[in-house]
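Q: Sequence isn't available, so here's the structure alone:
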């Protein structure tokens, strides 16, 4: 069996058990589910070769690879997910694996999976950058800012990569910069990446903490977050509920007339653009300062259309 199909089997098992929630599932139910999935996805059932011994090995592999613990309940003879160890990052990675597998089953047929045509490039740098980050390697690249159109040589100490709205960004310190803070570099604007044999001693840095109160790619470290209360109409609220604007999102009202939420973040430029993109379907309840600021932005927009 190819490695991707082995990984898919692990993911299928995890997804099935997660869908069963606290109820869990017996070994026979798991086996029946896998056989059904293999048939649906046009994977040769001969590749399955699923036995109780195989499942016990898979159970260990799921814990190591997917960071998901599966517990056994002797009283009901069932297996269930231990949600205390849920890892969203692992979930994102294997969601992409399922996307690859779905694409594979198309077998060259068009008009089945329609992908977004507007894509940011630069993902081919991702593997090299991750290698440089994990091994503390200094990198050299050419970088072109949108507003300049001319590339500049950059010697960087890379720390992390971050995704935002289908674009990937490198977080790095420019080696010759006396002030030590991280800058962001869009991967789609990088060219001629070179990874040097020389290393650097990284300073203590927590990327998640840096962007904890951010929406987007603008760092808000050491800035004080605000409580933002937004009200959406019920229809738009369904989208906001299934794809939250921010990890701090808290639902205040959810009925047939209104979907109201509270966010705790620093209202950066990225966040302002996001709120404006929802047009008349959103109202800013508080704070007043943020409401007045965006009101001014809308007035400027109106002048552009007059």
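A: Thanks, I have it. Because the structure is a prediction, the values reported are computed rather than measured.

Q: out of all of them, which strand in the chain is the longest?
A: Longest strand of the chain, by residue count under DSSP state E: strand 151-164.

Q: C-terminal to that strand, what's the next element?
A: Counting by DSSP states H and E, the next helix or strand C-terminal to strand 151-164 is strand 167-174.

Q: Would you map the strands across the protein?
A: Using DSSP E, strands in the chain cover 69-73, 78-82, 137-144, 151-164, 167-174, 183-186, 190-199, 226-233, 250-254, 258-265, 282-286.

Q: Which strands border the third one, and is each parallel or antiparallel?
A: I take that to be strand 137-144. Paired neighbours of strand 137-144 in the sheet (DSSP bridges): strand 151-164 (antiparallel), strand 190-199 (antiparallel).

Q: Go through the ones you listed and pick out the most buried.
A: Among the strands paired with strand 137-144, strand 151-164 has the highest mean neighbour count (mean count of other CB atoms under 10 Å), at a mean of 17. Backbone N, C-alpha and C define where each C-beta goes, glycine included.

Q: For that one, the averaged confidence score.
A: Averaging pLDDT along strand 151-164 gives 92.

Q: which residues touch the closest residue to residue 61 other than its chain neighbours?
A: Computed as CB to CB, 6 or more residues apart in numbering, the closest residue to residue 61 that is not its neighbour in sequence is residue 10, at 5.8 Å. Contact analysis of residue 10 by CB atoms under 8 Å, 6 or more residues apart in numbering lists 58, 61-62, 65-66.

Q: try residue 170
A: 129, 156, 158, 160-161, 184-187, 190.

Q: one more time with 7 Å
A: 129, 158, 161, 185, 187 (CB atoms under 7 Å, 6 or more residues apart in numbering).

Q: Bridged to it, which residues?
A: Residues in beta-bridge contact with residue 170 (DSSP bridges): residue 161, residue 185.

Q: For it, report the pLDDT, please.
A: 94.

Q: re earlier: CSV for the strands of the chain, including distance to residue 296?
A: Rendered in CSV, the data for the strands of the chain read as follows (distance: least, CB to CB, whole Å):
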stretch, distance to residue 296
strand 69-73, 51
strand 78-82, 48
strand 137-144, 32
strand 151-164, 25
strand 167-174, 28
strand 183-186, 27
strand 190-199, 36
strand 226-233, 17
strand 250-254, 26
strand 258-265, 20
strand 282-286, 12
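
Q: Residue 205 is nearest to which of those strands?
A: Nearest of these to residue 205, taken as CB to CB: strand 151-164 at 5.4 Å.

Q: just how off-centre is the closest one within its chain?
A: Taking CA atoms, centre = their mean, to the nearest Å, the mean C-alpha location of strand 151-164 is offset from the chain mean by 19 Å.

Q: Need the contact partners of it.
A: 126, 129-130, 132-133, 138-144, 168-176, 182, 191, 200, 202, 205, 207, 211, 216-217.

Q: thinking again about what came up before, between the longest strand of the chain and strand 167-174, how big is the angle?
A: 120 degrees (axes from the mean of the first three to the mean of the last three CA atoms, to 10 degrees).

Q: Now do the contacts for residue 174.
A: By CB under 7 Å, 6+ apart, the neighbours of residue 174 are 154, 156, 183.

Q: Kindly apply the preceding question to residue 133 instead.
A: 158-160.

Q: nearest to residue 99, of the strands of the chain?
A: Using CB to CB, the nearest of those to residue 99 is strand 151-164, at 14.9 Å.

Q: So, low pLDDT: which residues of this structure?
A: 1-5, 41-48, 66, 83-98, 101, 104-108, 114, 116-120 (pLDDT under 70).

Q: tell me the domain boundaries of it?
A: Following automatic domain parsing, one finds the domains of the chain at 3-105, 123-204, 226-304.

Q: The ones you listed: which one's closest to residue 113?
A: Of these, nearest to residue 113 by CB to CB is domain 3-105, at 6.2 Å.

Q: Relative to residue 250, which of the strands paired with strand 137-144 is closest?
A: Using CB to CB, the strands paired with strand 137-144 put strand 151-164 closest to residue 250, at 21.9 Å.

Q: Which stretches in the stretch 1-150 of the chain count as helices?
A: Under the criterion DSSP state H, counting those that start in this stretch, helices of the stretch 1-150 of the chain are mapped to 3-20, 27-40, 52-65, 88-105, 126-134.
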